[in-house]
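Enquirer: need the 3D shape of this:
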Amino acid sequence: MKGFIILLSLITFSLSLTAQNLKVANIFGDNMVLQREIKIPVWGSAKAGAKITVLLNGVKATGTTGQDGKWMVKLPSMKAGGPYKLSVSSHENIVFKNVLVGDVWICSGQSNMEYKISGFPWKSAEILKAKNPNLRIITINRNIATKPVNDIDKTTWKEATGDNIADFSATGYFFGSNLCAQLNVPVGLISSNWGGTDIETWMSNEGIREVPDFIKIADYLKKPEITKEKLEAQTKKEFEEWKLNYFNKGLGFDEKWFLPNGYSTGWHDIKVPSMWTDFADLTGFKGAVWYKKQFNLPAELIGKDLVVGLGSLQDIDQVWVNGIEIGSTVSNWLWRNYKLPKNLIHEGNNDITVLLFNKNGNGGFSTAADYLHVCLDNYQDPSGTVCLLRGDWKYRKGTPLTQEIPNAPSQTINPNSYPTLLYNGMIAPLLPYGIKGVIWYQGENNAARAVEYQNLFPTMITDWRKQWNQGDFPFLFVQLAAFMIPTKVPCDAPWPELREAQTMAFKLKNIGMACTTDIGDANNIHPTNKQEVGRRLFLSALKVAYNKDTVYSGPTYQSFQTKGNKIVINFTNTGTGLMSTDLFGVLTGFQIAGEDKKFVWAKSEIKGENVEVYSENISHPVAVRYGWANNPDRATLFNKEGLPAPPFRTDDWELSTKDNTYLKFKNFVY
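Expert: Next up is the predicted model:
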């Protein structure tokens, strides 16, 4: 018995020591970059009352752990340099090696910021060229949290050399590479992003409640009893109720069209990819449309676990292969990549069935043809052996939608299920790591609520600056690239409205923008030219963050005057002059309207630093728009430094997304 008591005492003592172990926050590590020319915060945990000593390059700072076991010290401001060792000591000692002092940038947003070097055709060449040990990179692991967390999962800083860059943000990497080369100081990049996410999930509870529509949900999420597990159970229940009440009614399940022999009368030929608006029979149709196709796999793919890639579908889909469901998604822009187990596939004919449900009449397959395939890898790397699914399919209508239905809730909790989830899990634990600024690439997910974004975006920037408590640090963002099939006539569209909403951030200090309307891809929401995206962010950084006298933006709308039947547009950021990128020098992309508010394509001419816009059909013009389309393929106005003019409008007329709000699109049960 005495021996047992001694053993129990030893275990208790050991656990007590473990609980008191010195710990430094996981954002700190070997190869990291610490922010120059500010007091450098270092923090962690230890036993209450412990004295903490932090030493870097002969400079020391001390502090004491609070009763909550947390400590923080701040090293004095330092110039760029290194490599150094950073030691943190108390009753034990922790040493970080190969530490540099330089400039640290947060790289955040959705999939276009998340996209990795390894996801693009030019990956091998870039990996071979990556030989910059003064550029350091770290990627924050994905994490959803209902309350701010104290620390990130353990991850590692790496030198941006060779294969180390393969899984890092391409946009971030090219931005940082340009900075390193130009400034000749170490640069650290912290990549914290998640594809397909709304801006609200990146905002703190304190920040989101600055927007009135979000106060109620912010109060709900702040309750101690609201946990991730509780929200998960609630979300699943809401989706099953929605599916039972709306999705499963009248969609043809009684006839089992999803079975391999599910063909019957009423099926018609169709080319895929395509949109419903491409066919007279489907134009204006609201409800469910079924698609079927037979395919034969190459011999190399038989007997292997595969992926079915369908690109982006509009809006809700359910997919079967040989009569077995392999996936379903309740979203429009998310890419479909469904796992296809080898036991579901056989030699000879295989059958794929896709059910698309769209309540607005604009359903269809909205991705380039090459991204519809069965392969060993996902859509980011469609090289190698694939079975293409493009081309000839069969389709038939399901039951048309005869009643207005609420938007579908999520199938399971995800970053967009509620506001604040990614701020809590992926931004809060980084605070208050010293930074120079932020680069941001997001907005696609909020395009349908563009007018609302006018308030959300600057509110988020202000929120981050407040939470970081490092002043009005530079915040640089990427304006949405061109996407979708170009329109033949001027019309309202959500993406130009979102681009305009992004520019509302310029009412704040130290804001920069990279316009990318000329380097998008009509068929791919993830354009591959991230080198130029990174370079344009770098140019913006030179001006906004480093006060360099440089041309950092394309021609920017400033004002207009009406002169007879013409409207004269005045620009800033003209560089060494305006130009058209058209082969014959023709300037296009301008629309003009009279008092009837009906826009037509306009003629336009460069006159010094101005542009004259007119149309023979409008004698009294009142408004001009430029690049105002999801895909502004006609926009040819640049400065001679090769930077495009951002889209703009001179009018203040109501926009098509004005009634689309968070509360309209989300269905919450409080």
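
Enquirer: any idea which residue sits dead centre in this protein?
Expert: residue 110 (1.4 Å; C-alpha atoms, centre = their mean).

Enquirer: distance of that one relative to residue 242?
Expert: 25 Å (C-beta to C-beta, to the nearest Å). Where C-beta positions appear, they are placed from N, C-alpha and C, glycine not excepted.

Enquirer: before we move on, what about residue 118?
Expert: Taking C-beta to C-beta, one finds residue 118 at 37 Å from residue 242.

Enquirer: these two: which has the busier surroundings?
Expert: residue 242 (20 against 17; other C-beta atoms under 10 Å).

Enquirer: which SSE is that one in?
Expert: Counting by DSSP states H and E, the element that carries residue 242 is helix 228-242.

Enquirer: what residues does the very next helix or strand once past that helix touch?
Expert: Following helix 228-242 in sequence order, the next helix or strand is strand 268-272 (DSSP H and E). With C-beta atoms under 8 Å, 6 or more residues apart in numbering as the test, strand 268-272 has contacts from 279, 281, 291, 293, 365, 372, 389-396.

Enquirer: from those residues, list the buried ones, please.
Expert: Neighbour counting with 16 or more other C-beta atoms under 10 Å marks 291, 293, 365, 372, 389-390, 393-396 as buried within the contacts of strand 268-272.

Enquirer: before we move on, back to that, quick check: mean pLDDT across the helix holding residue 242?
Expert: The average pLDDT for helix 228-242 rounds to 86.

Enquirer: my guess is residue 581 contacts residue 638, does it?
Expert: Yes. When contacts are counted by C-beta atoms under 8 Å, residue 581 is listed as touching residue 638 (5.5 Å).

Enquirer: shaky segments in this protein?
Expert: Applying pLDDT under 70 to the chain flags the ranges 1-19, 244-255, 331-334, 377-384, 402-405, 407, 667-670.

Enquirer: ok, longest strand in it?
Expert: Using DSSP state E, we find that the single longest strand of the chain is strand 93-109.

Enquirer: go through that one and flag the buried ones.
Expert: 94, 96, 98-109.

Enquirer: tell me which of these is nearest to residue 485?
Expert: residue 109 (24.8 Å; C-beta to C-beta).

Enquirer: beta-bridge partners for the closest one, please?
Expert: Listed by DSSP bridges, the beta-bridge partners for residue 109 are residue 193, residue 441.

Enquirer: just the endpoints, please. Distance across stretch 504-511?
Expert: 10 Å (C-alpha to C-alpha, to the nearest Å).

Enquirer: okay, now the domains of the protein?
Expert: 253-400, 556-649 (automatic domain parsing).

Enquirer: residue 416 is nearest to which of the ones you listed?
Expert: Going by C-beta to C-beta, the one of the domains of the chain nearest residue 416 is domain 253-400, 8.5 Å.

Enquirer: now that closest one, how far from the chain's geometric center?
Expert: 25 Å (C-alpha atoms, centre = their mean, to the nearest Å).

Enquirer: do a quick rundown of the strands in the stretch 401-550 of the chain.
Expert: Assigned by DSSP state E, counting those that start in this stretch, the stretch 401-550 of the chain shows strands spanning 437-441, 475-478, 511-514.

Enquirer: redo those as a markdown table? Include mean neighbour count and distance to residue 317.
Expert: Shown next, in a markdown table, are those (neighbours: other C-beta atoms under 10 Å; distance: least, C-beta to C-beta, whole Å):
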| stretch | mean neighbour count | distance to residue 317 |
| --- | --- | --- |
| strand 437-441 | 25 | 26 |
| strand 475-478 | 26 | 29 |
| strand 511-514 | 24 | 33 |
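
Enquirer: let me see the ranges of the helices in this structure.
Expert: 2-19, 111-114, 123-129, 170-183, 205-208, 215-222, 228-242, 421-422, 450-468, 494-503, 530-544, 662-665 (DSSP state H).

Enquirer: out of the ones you listed, deepest packed?
Expert: helix 421-422 (a mean of 26; mean count of other C-beta atoms under 10 Å).

Enquirer: output the contacting helices and strands for it.
Expert: Using 3 or more C-beta pairs under 8 Å, 6 or more residues apart in numbering; DSSP states H and E as the contact criterion, no helix or strand is in contact with helix 421-422.

Enquirer: re earlier: among the domains of the chain, which is nearest residue 665?
Expert: Per C-beta to C-beta, nearest to residue 665 of those: domain 253-400, 11.4 Å.

Enquirer: re earlier: now the residue nearest to the centre of the chain: phi and psi?
Expert: Phi and psi for residue 110, reported as degrees, to the nearest 10, are phi -110, psi -150.

Enquirer: ok, it to residue 57 distance?
Expert: Counting by C-beta to C-beta, the gap from residue 110 to residue 57 is 38 Å.

Enquirer: ok, the residue lying closest to residue 94 once chain neighbours are set aside - contacts?
Expert: With C-beta to C-beta, 6 or more residues apart in numbering as the criterion, residue 94 has its nearest non-adjacent residue at 4.7 Å, and that residue is residue 88. Shown in contact with residue 88 (C-beta under 8 Å, 6+ apart): 22, 24, 42, 44, 52-54, 94-96.

Enquirer: switch the cut-off to 10 Å
Expert: Shown in contact with residue 88 (C-beta atoms under 10 Å, 6 or more residues apart in numbering): 22-24, 28, 42-44, 46, 52-56, 71, 73, 94-96.

Enquirer: sorry, back to before: which one of the buried ones among the contacts of strand 268-272 sits closest to residue 498?
Expert: residue 365 (22.9 Å).

Enquirer: show me the beta-bridge partners of that closest one.
Expert: Applying DSSP bridges, one finds that residue 365 bridges with residue 313.

Enquirer: tell me how far it lies from residue 483.
Expert: Distance, residue 365 to residue 483, using C-beta to C-beta: 15 Å.

Enquirer: I'd like to know how far the residue nearest to residue 94 sits from residue 95.
Expert: Relative to residue 95, residue 88 is positioned 8 Å away (C-beta to C-beta).

Enquirer: joint contacts of the two?
Expert: residue 55.

Enquirer: what's the closest non-adjacent residue to residue 372?
Expert: residue 389 (4.2 Å).

Enquirer: hmm, the one you found is touching residue 309, no?
Expert: Yes. Residue 389 lies in contact with residue 309 (C-beta atoms under 10 Å); the separation is 8.1 Å.

Enquirer: touching both of these two, which residues are there?
Expert: With C-beta under 10 Å, 6+ apart as the test, residue 389 and residue 309 both reach 371-374.

Enquirer: any idea how far apart the tips of stretch 508-525 sit?
Expert: 28 Å.

Enquirer: stretch 301-316 too?
Expert: This stretch, stretch 301-316, spans 28 Å end to end (C-alpha to C-alpha).

Enquirer: what sits against residue 535?
Expert: 174-175, 177-178, 514, 529.

Enquirer: swap in residue 317?
Expert: Contacts of residue 317 by C-beta under 10 Å, 6+ apart are 291, 310, 327-332, 334, 336, 338, 354-358, 363, 365.
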